[in-house]
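Novice: Okay, sequence plus prediction incoming.
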Amino acid sequence: MTETTRTILVCSCEDTLPLDLKALNAALPGARLLAGRQLCGAEIDTVVRAGAADAAPLIACARMAPVFEAAFDDAGIAAEPAYATIRETAGWSAQGQAATPKIAALLALAAEPSAEVPMLSLTSEGVAIVYGTDETAFEVAARLSDTLDITVVLSRPDGVMPPRAAEFPIFRGTIRSATGHLGAFRLGVDDFAAPAPSSRGALRFAAARNGARSECDLIIDVSGGTPLFPAAELRPGYLRCDPRDPAARERLIAEAREMVGTFDKPRYVAFDPGLCAHARSRITGCTRCLDVCPTGAITPNGDAVTIDPAICAGCGGCGALCPTGAASYALPTPERLMHSLRTLLTTYRRAGGTAPLLLIHDSPHGEELIHALSHQGAGLPAHVLPVAVNEVTQLGLEQIAAAFAYGAAALRVITRSKPRHDETALHRTLDQAGPILAGLGFAADAVGVIATDDPDALGAALDAVRPGPVALHPATFLPAGGKSQLQRLALGELHAAAPAPVERIALPAGAPMGRVTVRAEGCTLCLACVSACPTAALAANPDRPELTFAETLCVQCGLCARTCPEKVITLEPRLDFAALAAPPVTLKQEDPYPCDACGKHFGTRATIEKIRARLAGSHWMFAGANAPRLDLIGLCEDCRVIAATRAALDPYAAGERPRPRTADDYRTDSKKPNGAG
């Protein structure tokens, strides 16, 4: 608000909304406030003049946006206004007289520049498969045949009479596999057969075959069976309804008619495979995104995963839980959302507000509840600051930490009674944030979920929240960087501002931070863990045998522990604030082993001694007369060749290799008393 002057129009809505213009001016430096009583009616000229003077005014009445834009068009003004809602969210409340700090905060938030959304285009030419079991499929197909290129596939039809006219092809078949999305579906069909033209009563079919393939733009499923896709309602181009519900069939037909052409959908997630900690050398590490994706848009792809943007439904769970920032939500970015929280909370505090409760909600569901509560109930309390996001499951630990560092006293997330998305990611994030906040002196229930479709229940739940301690010295830092950098920054600022800071907090299993411990006596410094670590938390010293660990980079993927051949690595999920800024620590170091002949360093002492101990007297190549071969182990690669050549060691004269044991040997041994040889 301080960089450029922004015209903000506020309206008392016929004196139903209390406005303290003096306080608002003080809380919004750099803004030019214009006030009215009925800006959408008698005072519409005030809005038109403001649009002529400022091409991007902020109008604090989103409900009447069509009226204002029509007025701009009539006046020939190419204004692009932004809108805020302060009536339902603040002024229309039993605590409306105390809502000035919240109004200022909401205006400042609405004045933030909107984020650009990357888009993806999907094209459908109307090639559709109607999948059913009986005459219902024919009815739906007939209704759509004038708009779409229809093929009917009947799964296990029993006594189905042929349609009166051959308006569309009909086949028998059961869809065994389905992949793809709007404009690019691929199907695998078993029991596939064409009908006999001479079918008189029920349809008769020719000999069937399995493994038939088909492609289409749309799938219209009226089979009444198991959906062909996970989270089927979120798959673009897959339309499904209960065939016994006439109203549902009508809605499906109406929707299918519109599914021809090119459609834009947001690219919800930006993905950088170079940061992915999924796997290394065919060993699986982090699977957090795979575990929570409801649509199957995320699949393994070698050492990383791949995200199909055409299938992604935008829940944001992958971005919320990704510990490295490989998957990052783009609507908005984590940095942009944190910046919005900073604007909201710092403005609220500057306007005199105290103990704010952040209310995170998605636009359709949350706004409907807030609207109903303001019109039919007591409205939102004055200290409750609503924040609309695309999906509540996009909320990450970095945003929660930043919110409390900026001064939030509590945070609640509105979800549906019957979730639209799998909410596992949201609950995992809150489960991680809860112990951190409680450990730093915030309330034990500082974060939580309000799962309801009832505005009265929402009001009661908010009234029951008792804001706990807040940051002693609220932060004002500007967020910058990728997700992992933002998380470290936010947690460090949270610790600095916390009511009761501690240096270390234990976290539940699966947390994206912690330390690696190495049982030093068993480690041979093979450095396999260094090669496996995707974040360089484990590193080698190029000048001497040494293994170091930077806790601030560890994401607890477990690849190091799974890769370690000695199995001496364990993980400890925790948050060590001192480690956020500390240099790497040494986990294991040894003196290098000098070559017995030339003194060149070529390995570690522990490794050489361990190899000698294992081979001496136990391996056939180093037993008996061949024992001098052990001397070669203490030589570097150059001296070893020289010594073997001078001693004329014949690699084929190392003694008789033991005969491999066979199944007959084991059966013979088992018949001897006590397994005697």
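Specialist: Right, received. Where do you want to start? Numbers count the residues shown, from 1 in each chain.
Novice: can you count the residues close to residue 247?
Specialist: Using other CB atoms under 10 Å, residue 247 has 9 neighbouring residues. From N, CA and C alone the C-beta is placed, and that goes for glycine too.
Novice: which of the residues in the least confident helix or strand in the chain by mean pLDDT are buried?
Specialist: Lowest on mean pLDDT, DSSP states H and E among the helices and strands of the chain sits helix 663-671, with a mean of 77. By neighbour count on 16 or more other CB atoms under 10 Å, the buried set for helix 663-671 is empty.
Novice: Also stretch 161-178?
Specialist: Buried residues in stretch 161-178 (16+ other CB under 10 Å): 162, 163, 168, 170, 171, 172, 173, 174, 175, 178.
Novice: Contacts only, for the first one.
Specialist: The contact partners of residue 162, taken as CB atoms under 8 Å, 6 or more residues apart in numbering, are 170, 195, 199, 203.
Novice: List just the nearest of these to residue 492.
Specialist: Nearest to residue 492, judged by CB to CB, of these is residue 170 at 65.5 Å.
Novice: separation between the closest one and residue 163?
Specialist: Applying CB to CB, to the nearest Å, the value for residue 170 to residue 163 is 8 Å.
Novice: swap in residue 474?
Specialist: With CB to CB as the criterion, residue 474 and residue 163 are 70 Å apart.
Novice: Kindly report the same for residue 277.
Specialist: Computed as CB to CB, the residue 277 to residue 163 distance reads 55 Å.
Novice: Whichever of the contacts of residue 162 end up buried, select them in ChimeraX.
Specialist: Selection of buried members from the contacts of residue 162 for ChimeraX, criterion 16+ other CB under 10 Å:
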select :170,195,203
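Novice: Taking the contacts of residue 162, tell me the two that lie furthest apart.
Specialist: Every pair in the contacts of residue 162 was compared (CB to CB); the two farthest apart turn out to be 170 and 199, at 9.9 Å.
Novice: what do residue 170 and residue 163 both touch?
Specialist: residue 138.
Novice: which residues of the stretch 1-150 of the chain fall in strands?
Specialist: 6-11, 31-36, 58-59, 82-83, 119-124, 127-132, 149-154 (DSSP state E, counting those that start in this stretch).
Novice: Could you point out which of the ones you listed sits nearest residue 633?
Specialist: strand 119-124 (59.2 Å).
Novice: returning to that earlier point: send the alpha carbons of the least confident helix or strand of the chain over as PDB?
Specialist: The C-alpha trace of helix 663-671 is given here as PDB (Å, rounded to 0.1, in the frame of the first residue of the first chain):
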ATOM      1  CA  ALA A 663      20.200 -79.000  -3.200                       C
ATOM      2  CA  ASP A 664      21.400 -82.600  -2.900                       C
ATOM      3  CA  ASP A 665      24.100 -81.600  -0.500                       C
ATOM      4  CA  TYR A 666      21.500 -79.900   1.800                       C
ATOM      5  CA  ARG A 667      19.200 -82.900   1.600                       C
ATOM      6  CA  THR A 668      22.100 -85.200   2.500                       C
ATOM      7  CA  ASP A 669      23.100 -83.000   5.400                       C
ATOM      8  CA  SER A 670      19.500 -83.000   6.700                       C
ATOM      9  CA  LYS A 671      19.600 -86.800   7.000                       C
END
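Novice: picking up where we left off before, now intersect the buried residues of stretch 161-178 with the strands, please.
Specialist: Judged by DSSP state E, the buried residues of stretch 161-178 include 170, 171, 172, 173, 174, 175, 178 as members of strands.
Novice: Format those residues as a markdown table; extra columns: pLDDT and distance to residue 24.
Specialist: Below are those laid out as a markdown table (pLDDT from 0 to 100; distance: CB to CB, whole Å):
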| residue | pLDDT | distance to residue 24 |
| --- | --- | --- |
| 170 | 96 | 67 |
| 171 | 97 | 67 |
| 172 | 97 | 69 |
| 173 | 97 | 66 |
| 174 | 97 | 65 |
| 175 | 98 | 60 |
| 178 | 97 | 55 |
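Novice: Mind putting those into JSON lines with distance to residue 75?
Specialist: Below are those laid out as JSON lines (distance: CB to CB, whole Å):
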{"residue": "170", "distance to residue 75": "59"}
{"residue": "171", "distance to residue 75": "60"}
{"residue": "172", "distance to residue 75": "64"}
{"residue": "173", "distance to residue 75": "61"}
{"residue": "174", "distance to residue 75": "62"}
{"residue": "175", "distance to residue 75": "57"}
{"residue": "178", "distance to residue 75": "53"}
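Novice: just the strands in the stretch 451-600 of the chain please.
Specialist: Assigned by DSSP E, counting those that start in this stretch, the strands in the stretch 451-600 of the chain fall at 504-506, 514-518, 538-540, 546-549, 569-576, 585-589, 592-594.
Novice: any idea which of the ones you listed scores lowest on pLDDT?
Specialist: Between these, the lowest average pLDDT goes to strand 592-594, which shows a mean of 88.
Novice: which residues touch that strand?
Specialist: For strand 592-594, the external contacting residues (CB under 8 Å, 6+ apart) are 544, 545, 600, 601, 602, 603, 604, 605, 607, 608, 634.
Novice: Give me the buried entries from those residues.
Specialist: Neighbour-count burial (16+ other CB under 10 Å) applied to those gives 545, 602, 603, 604, 607, 608, 634.
Novice: Could you measure from the last one over to residue 621?
Specialist: Meaning residue 634. To residue 621, residue 634 is 16 Å away according to CB to CB.
Novice: Keeping just the C-alphas, turn stretch 206-217 into PDB.
Specialist: The C-alpha trace of stretch 206-217 is given here as PDB (Å, rounded to 0.1, in the frame of the first residue of the first chain):
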ATOM      1  CA  ALA A 206     -20.200 -62.300 -32.500                       C
ATOM      2  CA  ALA A 207     -17.300 -64.100 -30.900                       C
ATOM      3  CA  ALA A 208     -15.600 -61.900 -28.300                       C
ATOM      4  CA  ARG A 209     -12.000 -61.000 -27.800                       C
ATOM      5  CA  ASN A 210     -10.000 -59.500 -25.000                       C
ATOM      6  CA  GLY A 211      -7.400 -56.700 -25.100                       C
ATOM      7  CA  ALA A 212      -9.200 -54.400 -27.500                       C
ATOM      8  CA  ARG A 213      -8.000 -50.800 -27.600                       C
ATOM      9  CA  SER A 214      -9.900 -47.600 -28.000                       C
ATOM     10  CA  GLU A 215      -9.400 -43.800 -27.800                       C
ATOM     11  CA  CYS A 216     -11.900 -41.100 -27.300                       C
ATOM     12  CA  ASP A 217     -12.300 -37.500 -26.100                       C
END
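Novice: Name the residues of it that are buried.
Specialist: In stretch 206-217, counting by 16+ other CB under 10 Å, buried: 208, 212, 214, 216, 217.
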